[in-house]
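**Q** Pasting a predicted model and its sequence here:
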Amino acid sequence: MKIFLMCILFTLFGKLYAIDSSFCSSQNELSSVEANAGKSKKKDTTYWTCTTNVRLVGNQYAYSNWSAGGDNSIATSFYVDQKYVYKRDKRSVVFITDFGVGYIFLANDIAPVRKKEDKMNINIQANIDYTKEFAYSLVLDLKSQFANGYSYPNDSVVVSSILSPAYITLSAGFTFKPINSLSCFVSPISGKFTTVFNQELADKGSFGVTPAKLDSLGNVIQPGKRIRPELGLNFVFRYDQEVSKVFTASATVELHNNYFDERLENRWNFDLNAETKLIFKLSKRLTTNLFCRVAYDDDVRFPVYEEIDGQEVLVKSVPKFQFNESMGIGIVFNF
């Protein structure tokens, strides 16, 4: 059933591509006729808009239960945000990238270089307007990172790496946009794939994938699965507003459940991923920023230890809210 519904999602993407290809083919034929008639015309690029934001920021970081690793400190970070929008008649495509890396350099022999920020977010949304406020939408979203993550000060054990984890979501639904700064996307059939391509992490069952099966000596009998598929509801709320010439606020809240969770009581337990950005413009090139991220996934568990006979013993693992906050000042370039 899950495979069938996921196939429907890919088919819908294929149909939209086919429609767009047919439209482009018709336009090309028309252009060819006009050219043969001796009508020269420049290529129209007014359907596209593009914005690029590059920032070099000195940040203060705070983490709480962050599964990808990290510790509280001050570091330098580099961000690149891009947004491409294609709008023609009733159809539009929005392509957004959000990349960021940050490191701190310490004068000691224990983890002298530590990662503070690492994000690779890509979002593609194709829309066909039904009314001014409503549109049919297809969305592909990827969230991952570039480099290995550690639970500092221990830098000998990797707790995350590129595409480990990666959260890939493919959704079909509709978008409600009452005003330009606010939108709500709802998808009744959304495929979410949690990938852990680092086999060592997959064998441990990191980020909710099925762990490896071991024999009595701890040897791997069957490797852990590197992909955990889910099919469920998907809600995405977005707010992006230039409140004034010197202040911009944006927020994203994403919710996703799993119709086929093995635990019946967990099928309506939604995973949460939320992010808020507040940017104050001090001058043309100087800004101060506040970023907050909150995540919750019932399949991502954290160990709970108790002291028994003078020793810490693992007694259980539980899901927790994950929190990541950064605040800083930096240089910005807009293109």
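**A** Now that the structure is in, tell me what you want to look at.

**Q** now the strands for the stretch 1-150 of the chain?
**A** For the stretch 1-150 of the chain, the strands defined by DSSP state E, counting those that start in this stretch occupy 48-64, 73-88, 91-105, 113-129, 134-144, 149-151.

**Q** for those strands, which one sits closest to Arg263?
**A** Arg263 sits nearest to strand 134-144 of all these, at 24.2 Å, using Cβ to Cβ. Every C-beta, even on glycine, is put in place using the N, C-alpha and C of the backbone.

**Q** Could you spell out the sheet neighbours of that closest one, each with its direction?
**A** Strand partners for strand 134-144, identified by DSSP bridges, are recorded as strand 113-129 (antiparallel), strand 166-179 (antiparallel).

**Q** Nearest to Met327, out of these?
**A** Comparing the strands paired with strand 134-144 by their distance to Met327 (Cβ to Cβ), the top pick is strand 113-129, with 12.3 Å.

**Q** got the angle between the closest one and strand 73-88?
**A** Using axes from the mean of the first three to the mean of the last three Cα atoms, to 10 degrees, the inter-axis angle of strand 113-129 relative to strand 73-88 is 20 degrees.

**Q** Now strand 113-129 - C-alpha only, PDB.
**A** Output in PDB follows, covering the C-alpha atoms of strand 113-129 (Å, rounded to 0.1, in the frame of the first residue of the first chain):
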ATOM      1  CA  VAL A 113      38.600  22.300  15.500                       C
ATOM      2  CA  ARG A 114      34.900  21.900  16.300                       C
ATOM      3  CA  LYS A 115      31.900  22.100  14.000                       C
ATOM      4  CA  LYS A 116      29.200  24.600  15.200                       C
ATOM      5  CA  GLU A 117      26.900  25.000  12.200                       C
ATOM      6  CA  ASP A 118      26.200  22.600   9.300                       C
ATOM      7  CA  LYS A 119      23.100  22.600   7.200                       C
ATOM      8  CA  MET A 120      22.100  21.700   3.700                       C
ATOM      9  CA  ASN A 121      18.500  22.500   3.000                       C
ATOM     10  CA  ILE A 122      16.900  22.300  -0.500                       C
ATOM     11  CA  ASN A 123      13.200  22.900  -1.300                       C
ATOM     12  CA  ILE A 124      11.400  22.700  -4.600                       C
ATOM     13  CA  GLN A 125       7.700  23.500  -5.000                       C
ATOM     14  CA  ALA A 126       5.700  23.500  -8.200                       C
ATOM     15  CA  ASN A 127       2.200  25.100  -8.200                       C
ATOM     16  CA  ILE A 128      -0.800  25.400 -10.500                       C
ATOM     17  CA  ASP A 129      -3.200  28.100  -9.300                       C
END
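
**Q** how far off strand 48-64 does that strand point, in degrees?
**A** Going by the same axes, to 10 degrees, strand 113-129 makes 140 degrees with strand 48-64.

**Q** now strand 113-129: mean pLDDT?
**A** The pLDDT scores in strand 113-129 average 91.

**Q** so which of the strands of the stretch 1-150 of the chain comes closest to Thr169?
**A** strand 134-144 (4.4 Å).

**Q** And Tyr167, how far from Phe335?
**A** 29 Å (Cβ to Cβ, to the nearest Å).

**Q** Glu265: which of the strands paired with strand 134-144 is closest?
**A** Proximity of the strands paired with strand 134-144 to Glu265 was assessed by Cβ to Cβ; the nearest stretch is strand 166-179, lying at 22.9 Å.

**Q** show me what contacts Lys123?
**A** Actually, residue 123 is Asn. It isn't Lys. 94-97, 139-142 (Cβ atoms under 8 Å, 6 or more residues apart in numbering).

**Q** cutoff 6 Å now
**A** With contact taken as Cβ atoms under 6 Å, 6 or more residues apart in numbering, Asn123 is in contact with 96, 141.

**Q** where along this protein do the helices fall?
**A** Counting by DSSP state H, residue ranges of the helices within the chain are 2-36, 199-204.

**Q** Now the weakest link among these, please, by mean pLDDT.
**A** Checking each of those, the one with the poorest mean pLDDT is helix 2-36, at a mean of 43.

**Q** Lovely, talk soon.
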